[in-house]
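# can't give you the sequence, but here's the structure:
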């Protein structure tokens, strides 16, 4: 976790305090369930639950727990030793028949679920901003580019609508990944429930808003976590896509948008005029980092037999790092889109600079419809298009076509002029917005 | 694609022949739709569709198409040139208002959907075998191991049930990934439908069993593909997990299972007695390869502006490689599980070899329930357990406990003996099977 | 391996024929050495060597060997069975005391060494072209860009010199990786030389131009291979860097260079005027693929005990794929650079379009040297620079500065004009070329 | 960075304090050089250098710098503002003609070099321990295993010698990577030295123990960093290999070694007897994390044009994380090997448990040398070996062979007995140790 790429709410989820509080909740809910089925004395279980409701734990004394762990070299025992002191003799019933992993894995599931909830909120904030700005620029014409080369007109709103659709898919994927990860395992030493009744797991799951893990092996199977982090990796890649788009559009030669530039900000210690797309460049790097969690998470799946502990160190890194970084990145991207400076005039200027070449396909199509073979039409358009291209937009394709007898024998001047109408390219924008944003 | 790791049905999906046949279907269905909306002459469209239904294309002459492409350096144009010759002058209407990507991306979607269908069949075959063998060994006791160290008893059927649950999740994930990838884009140059009505896309999608892409940018957005390959990576990791389990169980010192060994097979050119788990070792490597497609697929997401072509070369590799390899791996794993030699006697022998240490937790629990503190119980069990451990299983934990007055002051011999009952550990197997396999 | 991304020489290295020929050489050289030390009858060893020199093997009948392997399920035994028939009864001495891995791993080392040799040639061809074109454009001014934003002038030759320096480093790295990988292991079942004298390994190594592996464990340790493929991944990343540079420079709005465009080539089936940087886009994708070999190669390192076979399937993919793809990519990049269309006029035009902003740092420095604090100088330049920026290059920074009394109180018009001299930025080009290309 | 996986010396290298101190050194050395060449007033330069030597900077006030950065949003300017206050008016000369990247990139090079130095020390400590323990167990026989199956005898010392050789290669690789990364760039805005003489770079490089970067583009090219992190990834993979070996050897059924187990340590909260290889399991996970830095580092290479800033966020993570984690992992591995409990009796017991099957290859060889064809010998050995195998080591291969007339017709009892001599397998241990450890 790099502080400058983190926000408080997500960082809090991954704090030691939050983790211990979740452990406490798990132990208490488990004891409560054990009381209900008579596995431990019901009145002691009730005492424990009451103590929980009265928040006897209070503030978590992390250094104290750390000090105990330094001796026992076992984190759950360390916590139980510390927390047990908040209770009377009923403390003996805590953790009965359970194994550390029951606590650790269920706790991780809660943290990942909390993280997913926050990330879904982030996605929703981003979607809202994307939608607002997409509608704002629904009909702002701009050149569409394939291979970095001018192709045909689109609108800036379409670009944002595409991003909306992509992040909307990501929201659905993240919800699925959240459901995948949100399971509870309280199944004892090797997952057989030998020492603990499945009813305990069911109760704890219900209290925590989780699903009981159908079959655990001391640990919750790591394919769930792999799927979770893989999904974060996909979302990060979508962030990269939009970030790269903005970086391209802010290039000096293009300059159709700019990241908002605050008054006090210095772009370069050497070149005072520079306004660099540093936020989206940063997002490009952060996307790489979130993505880097995917392979280790997949390597974690093949634990040995009923479990080994190799996944744990990996998750101590990627759990917080991937979630915190993605949370930060989504919020940063939302901010960038929200305040993005958009220059429609420049978009129009760029659109015009190729001398009308962007309409070449339409001419090609018209010639074909006028009876020429596709091959002949292609050759005819290309020979004129190449002249415009070579002139760096000084010549006009429309003018050249009007002067080409092979063209004019098929298409009149009026027909040709109609082919250069920008509105032609925007006529389905409504349809697309309808598809993306619904009614 | 490595021939030895491929099977014919999946290889056929990724053959040039299949790809061209899908292209042909797309072009024909698109023309048909154009005819319906009057974009091209309806009778010509009908002629094209009839020719398709009569299979005028016949066998695809791949070398001929390659030869044309060598000149045009454009694959779709090369194909259309070749295929157009099968038609009369109506050929001119083919590909009207479309762009190569309309064909290529929709074609890839069809191939990925076909692949997903086959992989889902593979998963179902694997699930069936896992279920059969899980029930066969539902109550075959075997030692559960955490950290590679004996823990407590499980059954071999439980191990397979866990694998079943994991691959069942993978089936659900793959279905979601299939739906994610199965979209159709016929939206023209930069996805604006300027030259082609959305009705064409809708028709082609319907004919091909796809969903129309809500908004494409000449290409189908690559977050869909990233999600698809990420899902394959998770499945591969689950394969690795089960493969590693079998490799462990076949170790000389463990030898609880063996891969089926055919009579003519030589395990080693040097050591004639060896029977190596080569199939599951191979699966471990194949899992790495499938997983290696994930990062490039994610790097493909951030195409420039409306599209660039950098994804294409990546997909020419990972499309066939990941699908073919995963298909092969799933089938191989199914075969391994199907014919796996299982040695219950050896499982029992291993279970017994630790002098009853596997029951230590139960004793711990009983001592706690008999009134000792958790810490004291732990110390008491540990001091006896360590003697057994140091004897390499020659001493019996039960005997030692019966001789320990601190223990016998809390638990009678009869009570101690009951704590060493294997059935205790298996009592919830039914519950778990119920959870995994349903009624 | 994707045929369209492969070249014959590298493909031949990875052919079954080449592999079998290397196996044959290993077996023969090993037998020869065994004869020398009396491990097998010297005259039989001599007979085998003579047969080798007379090329009794002839053309390798791959299908015949495959057919044998289908029965034995063991590739080396299959080959020995086939090849043995070319010899008389001395065939019995082949493979004495050896294990399959002695052959397979040494053979892979030879193939990787051959591949490295070819890749080094590729790099040298690329370096030569980079050097030629760097000198050609040594003093062709062009704008340097940071963050995609105009910064200060550089030359196009400098860009190529930087690429030269980078690929020169890659050449050195690849030579180191080649030496790392080029070892020979003929050490028997678990690498103890129990059944085979180290002298055999030394002889085979010498004949094949390899180094004896100091200590093998039946297999050559896979950290060597991991290092090799990691190095290929770095080279691929350098390819991506130069490819991305060219793609950027070919953007419509920039258009300072173009990939060579052959007369018959069609850029787009829909838009006849388009000239797309498809080769460098392709290289971007190929770089991702070569890089994807790195992680599996690293995952291969941790083989179990003296060896398992999980690495083998991985290497059957990444051995040929990474080498063939990188060979192709290097050759393609060399061709792109060799024939790259460079437009100095356009470079100058772009350089001028920012109204002289590229000289702002120099003004900043001059003001500081004239006695202003850095902060004041920065503010002074920035307020004028921002006006130019906002005018989209219509205003001239020089003119504005001449009109700013706070500036002119420190710098005269003549001094200001000198600060806008392009030559100032190019004065160290010689030094840099000297550093990169030597005397 | 995860505190529990970090050590103070490496963490200090990556602290803000250390970074600022390096920045300070760079700025001061640069000013000193500028004074020498008259670019700034020599006496002011001398004043700055004297202030440096007198350590006027003192303790770095990180929060103060952070506070300034919160306003300027520019880290180098923030630092210069703070540090400048320690000087008189000569502060104005700091950073003349330089750009932030000159400072940042050179500073990162220093940190990576410091890290490499520490990691090399770590490797040397590990090598020393490996060597000591290798010699200690040079002739401790143990079974060699391929595919997890017993193969032929080796010694435990050989296993450690192999690890030694592997980490010795890693040391050489890391030294090469260190040299690769240890360059200094003080070349100004886009690397042209327009505003700063190359002599400044040369001086700073010399003072810092770096090499001048032949040609930078504001930034030091990232192929260097990619190579560095790739090398760390290889080392991590070697750690994983040895960790996996130890985990295997500590399995309950094998139990040939154990990680040292401190008296107060609890292996499991539930099962008091358990002694788990948690350190090496942890190392397995840490290896995955170090490796996860490789791909992002490679993705960082293709910066746009002269530079973008996307690499920076990646490096803020992987710089400290990969170095700190690898340092911790190497030290942990050194501790594990140093204190590893080795059980030669158990090794012998395992060696014997297969009824002499480990000698089968030697018998095979002897039969061949006695005149049987390889195929017949193989069949003869296999039929006896399989009986032993099926008896789970209760039958003795030697006894069976003595009873097999087809064998005894070729080999006498005495000859057979000689074939079962363990010393035969260890006769080249000296040679191998010689190769690995030298004279």
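Arrived safely, thanks for sending. Quick caveat, the model's predicted, so the values are computed rather than measured.
# quick one: secondary structure of the closest residue in space to residue A:220 that isn't next to it in sequence?
If the residues on either side of it in the chain are set aside, residue A:220 comes closest to residue A:105, at 4.4 Å by Cβ to Cβ, 6 or more residues apart in numbering or on different chains. (Each C-beta comes from the backbone N, C-alpha and C, glycine too.) Local secondary structure at residue A:105 is given as helix here, using DSSP: H, G, I helix; E, B strand; the rest coil.
# surely residue A:105 is in contact with residue A:185?
Yes - using Cβ atoms under 8 Å, residue A:105 and residue A:185 qualify as a contacting pair, with a distance of 5.3 Å.
# anything in contact with each of those two?
By Cβ atoms under 8 Å, 6 or more residues apart in numbering or on different chains, residue A:105 and residue A:185 have these common neighbours: A:216, A:219-220.
# neighbour-wise, which of those leads?
Taking other Cβ atoms under 10 Å in any protein chain shown as the neighbour criterion, residue A:216 ranks highest of the shared contacts of residue A:105 and residue A:185 with 29 neighbours.
# any figure for the gap between it and chain C?
Counting by Cβ to the nearest Cβ, to the nearest Å, the separation of residue A:216 from chain C is 26 Å.
# ditto for residue A:430
In terms of Cβ to the nearest Cβ, residue A:430 sits 23 Å off from chain C.
# what strand or helix carries that residue?
In this assignment (DSSP states H and E), residue A:430 forms part of helix A:429-437.
# same for that helix, what does it pack against?
Counting contacts by 3 or more Cβ pairs under 8 Å, 6 or more residues apart in numbering or on different chains; DSSP states H and E, the secondary-structure elements packed against helix A:429-437 are helix A:100-136, helix A:156-181.
# wait, isn't residue A:92 in contact with residue B:368?
Yes - because the distance of 6.4 Å satisfies Cβ under 8 Å, residue A:92 is recorded as touching residue B:368.
# quick check: neighbours shared by the two?
With contacts defined as Cβ under 8 Å, 6+ apart, the residues shared by residue A:92 and residue B:368 are residue B:374.
# can I see the domain layout of chain A?
Using automatic domain parsing, the domains assigned to chain A come out as A:99-348, A:357-419.
# any chance of these in JSON lines, plus distance to residue C:55 and mean pLDDT?
Shown next, in JSON lines, are those (distance: least, Cβ to Cβ, whole Å; pLDDT from 0 to 100):
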{"stretch": "domain A:99-348", "distance to residue C:55": "47", "mean pLDDT": "95"}
{"stretch": "domain A:357-419", "distance to residue C:55": "53", "mean pLDDT": "89"}
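# please work out which of the ones you listed is packed deepest.
domain A:99-348 (a mean of 23; mean count of other Cβ atoms under 10 Å in any protein chain shown).
# ok, residue A:158 - contacts?
Counting by Cβ under 8 Å, 6+ apart, residue A:158 touches A:134, A:138, A:429, A:432, B:191-192, B:215.
# ranges for the strands of chain A?
Under the criterion DSSP state E, strands of chain A are mapped to A:141-146, A:149-155, A:183-184, A:211-212, A:257-258, A:341-342.
# do any residues in the third one lie close to chain B?
No - no part of strand A:183-184 sits close enough to chain B to count as contact by Cβ under 8 Å from any Cβ of the partner chain; the gap is at least 10.5 Å.
# who does that strand pair up with?
Sheet partners assigned to strand A:183-184 using DSSP bridges are listed as strand A:211-212 (parallel).
# next one: the fifth one
In the sheet containing strand A:257-258, the strands it pairs with under DSSP bridges are strand A:341-342 (antiparallel).
# quick one: contacts of the strand it pairs with?
Among residues not part of strand A:341-342, those counted as contacts by Cβ under 8 Å, 6+ apart are A:133, A:137, A:140, A:156, A:256-261.
# and of the strands of chain A, who's closest to residue D:237?
strand A:183-184 (32.0 Å; Cβ to Cβ).
# tell me how far that closest one lies from the chain's centre.
Shown here is strand A:183-184, whose average C-alpha point lies 23 Å from the average C-alpha point of the whole chain (Cα atoms, centre = their mean, to the nearest Å).
# so what touches that strand?
Outside of strand A:183-184, the residues within contact range by Cβ under 8 Å, 6+ apart are A:106, A:109, A:201, A:204-205, A:208, A:210-213, A:220, A:224.
# excluding its backbone neighbours, what's nearest the residue positioned nearest the centre of chain A?
Among the residues of chain A, the smallest C-alpha distance to the mean C-alpha position (Cα atoms, centre = their mean) belongs to residue A:235, namely 3.3 Å. Beyond its immediate neighbours in the sequence, the residue positioned closest to residue A:235 (Cβ to Cβ, 6+ apart) is residue A:170, lying 4.6 Å away.
# ok, that neighbour - contacts?
Contacts here follow Cβ under 8 Å, 6+ apart; on that basis residue A:170 touches A:123, A:231, A:234-235, A:238, B:223.
# any chance of the residues you listed in a markdown table, with distance to residue B:242 too?
As requested, the contacts of residue A:170 are arranged in a markdown table below (distance: Cβ to Cβ, whole Å):
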| residue | distance to residue B:242 |
| --- | --- |
| A:123 | 34 |
| A:231 | 23 |
| A:234 | 25 |
| A:235 | 29 |
| A:238 | 32 |
| B:223 | 30 |
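# out of the residues you listed, which is nearest to residue B:383?
Taking Cβ to Cβ as the measure, residue B:383 lies nearest residue A:231 of those, at 48.2 Å.
# would JSON lines of the strands of chain A with distance to residue C:6 be doable?
Putting the strands of chain A into JSON lines (distance: least, Cβ to Cβ, whole Å) gives the following:
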{"stretch": "strand A:141-146", "distance to residue C:6": "27"}
{"stretch": "strand A:149-155", "distance to residue C:6": "28"}
{"stretch": "strand A:183-184", "distance to residue C:6": "46"}
{"stretch": "strand A:211-212", "distance to residue C:6": "49"}
{"stretch": "strand A:257-258", "distance to residue C:6": "41"}
{"stretch": "strand A:341-342", "distance to residue C:6": "45"}
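# ok, which of those comes nearest residue A:284?
Distance to residue A:284, taken as Cβ to Cβ, is lowest for strand A:257-258 among the strands of chain A, at 15.9 Å.
# where along the stretch 151-300 of chain A do the helices fall?
A:156-181, A:198-208, A:223-250, A:278-291, A:294-299 (DSSP state H, counting those that start in this stretch).
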